[in-house]
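Chemist: All I have is the shape, not the residue letters:
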């Protein structure tokens, strides 16, 4: 029962919420290309975050949730696919967290040290964003020690009052206990713990400065108000990041604590797999939260969305309808 529920959870989330999240991320990219965001490099940060988020969401569809829930797992093709796809999967889902760290650090510099803050060039920022991916690849290099393990299970069936046994052969992409421990620890450390710690420390300084200068920012010119909303949206995203990763973190800690019991009890493994599928789905919401945070907090973003896109869409529908009926 739990095994079936786990697959259904993966399938439902990755076939509904994930494609919707991809659409919202592309919409975020389009909105931040508006002229309203000229003069600030925040558009580059949010564009990079949306692109990495979409990469992680597509990773969910192809390699982690949707296709595996349909028993299609490309990592089980051969040893090479096992190594490379595990390396790719882990790196891709860690990347958005670090783009958010870079975004937070940029807001930290702008808020805490406004006199020394300089807008970084686009080419430099692109190099920084690309470097994140390759650095994470190096940290996840332990996945080259993964291999395909053959599992043989004897299945007993009763046919015409006779018991017939057959051997079922399955494969898992795994490694030695020590390598698995290192790889899994790196996964949660680089995806959650370290980004959370860095953002938490930066947030403390920003919130302190933010409270002291909030009134001045609100009463300032349009550029200052714009920076105020940008900073507040980043602080909100960081808080949501922490909340959404709590269930997945709890699952990981429980998996380590119950390691011996999991090897002995199939029912417990299935229950933990269900918990994993739920907590992983919740964590993936991080990959399309920026659209909703900006809609609610960033007035400039909401204005562009309403006037530049929704208004045009409504006008297009009206013109199409009138031409159709006329």
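Modeler: Structure's in. What do you need? From a predicted model like this one, the values you see are computed outputs, not experimental measurements. Residues are numbered from 1 along each chain as shown.
Chemist: Would you state the helices of this structure in chain order?
Modeler: Here the chain has its helices, by DSSP state H, at 2-32, 42-59, 66-69, 79-112, 122-139, 177-188, 194-219, 222-257, 259-264, 266-284, 289-297, 299-304, 311-325.
Chemist: List the residues that contact the residue sitting nearest the centre point of the chain.
Modeler: Nearest residue to the geometric centre of the chain (Cα atoms, centre = their mean): residue 287, 3.9 Å. Applying Cβ atoms under 8 Å, 6 or more residues apart in numbering, we find residue 287 in contact with 21, 25, 53, 54, 56, 57, 96. C-beta here means a position set from N, CA and C on the backbone, and glycine is covered the same way.
Chemist: out of the residues you listed, which are buried?
Modeler: Buried by 16 or more other Cβ atoms under 10 Å: 21, 25, 53, 54, 56, 57, 96, out of the contacts of residue 287.
Chemist: What is the nearest of the contacts of residue 287 to residue 303?
Modeler: Ranked by distance to residue 303 (Cβ to Cβ), the contacts of residue 287 are led by residue 25 at 19.7 Å.
Chemist: List the contacts of that closest one.
Modeler: Listed by Cβ under 8 Å, 6+ apart, the contact set of residue 25 reads 50, 51, 53, 54, 57, 287, 288, 290, 291.
Chemist: Let me have the residues you listed in a markdown table, extended by distance to residue 77.
Modeler: Converted to a markdown table, the contacts of residue 25 look like this (distance: Cβ to Cβ, whole Å):
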| residue | distance to residue 77 |
| --- | --- |
| 50 | 31 |
| 51 | 28 |
| 53 | 27 |
| 54 | 25 |
| 57 | 23 |
| 287 | 26 |
| 288 | 30 |
| 290 | 34 |
| 291 | 35 |
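Chemist: Pick out the most distant pair among those residues.
Modeler: The largest separation in the contacts of residue 25, counting by Cβ to Cβ, is between 51 and 291 at 13.4 Å.
Chemist: Please identify which of these two sits among more neighbours.
Modeler: More crowded of residue 51 and residue 291, by other Cβ atoms under 10 Å: residue 291, with 22 against 18.
Chemist: Isn't the more buried one up against residue 26?
Modeler: No. Contact criterion Cβ atoms under 8 Å: residue 291 and residue 26 do not qualify, at 9.6 Å.
Chemist: All set, thanks.
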